[in-house]
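[1] I'd like to go over a predicted model; first the sequence, then the structure.
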Amino acid sequence: MKKLIIRLITFLPIAAICYVAMIWLLGDMGWVRNGKMEMGDYGHLNTRVKDVRNYKDIDILFLGSSHCYRTFDTRFYRQQGFSCFNLGSSNQTPMQTYVLLKQYLDSLNPKFVVFEVHPDIMKNDGVESGINLLANVPLSREAVNMAYKLNNMKVWNTLIHSFYDQKICRRLADFSEDTVMGAYVYVPGGFCQVDTNEFQVKRYPKTLIYLYDQQLIALQKCIKLFTDRNIPYLLVEVQDAEQLRTAYTNHDSFEQQMQLLGPYRYKVLPMVDTIHFFNSNHLDKPGIEMFNNDLVADLKKRLIK
């Protein structure tokens, strides 16, 4: 028994070193499928975190998932006289938002924060967005802590390879992704323009909204960052297409939970599914224009310039 324990103690560190080396080497060769080994994606997070360095002391900071970076058109708000940046990312949950805020909130120093919240995001485990963040954002203590909380093999593999990419090979700083990926076009300031429409009429099953505990805790931590700095904020839910919106059976409960966290805005505008929506939970150009025209009037009342 004693020999077995000694052998295990000897073997485990060697096995760990070999595993890390395999992720570093095989990841570059594209042989590791259980993780994301390549930088860049259609959500343009890599481009966005490089672009964010050009913005300081802004009026409005937008945070959230693709509902954020594909809805809050920074060009529109600049035309209204607001300096702003959109720090959204694909499927970004509050766990990833907190990591980004710890890295960029103080340099952006916003006067106001618009935090997009959505039922599907608040019940998301955060794995997909966590992998995206680790592959495209400079590693930090908060990012490693996020990986620990997610405790997913794909996340761990991505973290291992990202350490290799960023700290050993120094690839992140030199990497540049295309600002146009298919129908997705990155606009300086963080917005992603999509000039197409993929809307399909569907019948969604009745869905119960629930909040993932880790996401609720992370959202509260994000809000504390704002309150500690005396930054006013607004939680905003972007409208879904009617065919999806009416499938939620307890949306009133979700609204009540958000209202307990601070100022919250959810407004159903007179939109037509096939005209104003790219798909069931993303607006297209006419929908984006209607939504932002309505929201900016509210923000002008809340934000004293």
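    That came through fine.

[2] Could you count how many residues lie near the nearest residue to Leu101 once chain neighbours are set aside?
    Distances taken as Cβ to Cβ, 6 or more residues apart in numbering place Leu225 nearest to Leu101, at 5.4 Å, with adjacent residues excluded. For every residue, glycine as well, the C-beta is placed using N, CA and C. Per other Cβ atoms under 10 Å, the neighbour tally for Leu225 reads 17.

[3] Do you have the helices of the stretch 1-150 of the chain handy? List them.
    Applying DSSP state H, counting those that start in this stretch to the stretch 1-150 of the chain gives helices spanning 2-28, 45-51, 66-69, 74-79, 94-108, 119-122, 127-136, 141-150.

[4] residues touching the residue nearest to Leu101, list them.
    Leu225 makes contact with 98, 101-102, 105 under the criterion Cβ atoms under 8 Å, 6 or more residues apart in numbering.

[5] Equivalent analysis for Leu303, please.
    So Leu303 contacts 59-60, 82, 111-112, 232 (Cβ under 8 Å, 6+ apart).

[6] which two from those residues end up farthest apart in space?
    Greatest spacing in the contacts of Leu303, by Cβ to Cβ: Phe82 and Pro232 (13.9 Å).

[7] Of the two, which one has the most company?
    Phe82 (19 against 15).

[8] now, which of the contacts of Leu303 lie within strands?
    60, 112 (DSSP state E).

[9] could you dump the contacts of Leu303 to TSV with pLDDT?
    As requested, the contacts of Leu303 are exported to TSV (pLDDT from 0 to 100):
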residue	pLDDT
Asp59	96
Ile60	97
Phe82	95
Lys111	96
Phe112	97
Pro232	96
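
[10] coming back round to it: lowest mean pLDDT across the helices of the stretch 1-150 of the chain, which one is that?
    When these are compared by mean pLDDT, helix 2-28 comes last with a mean of 54.

[11] Using PDB, write out every CA atom in whichever helix or strand Asn157 is part of.
    Assigned by DSSP states H and E, Asn157 belongs to helix 153-163. Presented in PDB, the C-alpha positions along helix 153-163 are these (Å, rounded to 0.1, in the frame of the first residue of the first chain):
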ATOM      1  CA  MET A 153     -13.100  20.500 -18.900                       C
ATOM      2  CA  LYS A 154     -13.500  22.600 -22.000                       C
ATOM      3  CA  VAL A 155     -12.900  25.700 -19.900                       C
ATOM      4  CA  TRP A 156      -9.800  24.200 -18.200                       C
ATOM      5  CA  ASN A 157      -8.400  23.200 -21.600                       C
ATOM      6  CA  THR A 158      -9.000  26.600 -23.000                       C
ATOM      7  CA  LEU A 159      -7.400  28.300 -20.000                       C
ATOM      8  CA  ILE A 160      -4.300  26.000 -20.300                       C
ATOM      9  CA  HIS A 161      -3.900  26.800 -24.000                       C
ATOM     10  CA  SER A 162      -4.600  30.500 -23.600                       C
ATOM     11  CA  PHE A 163      -1.800  30.700 -21.000                       C
END
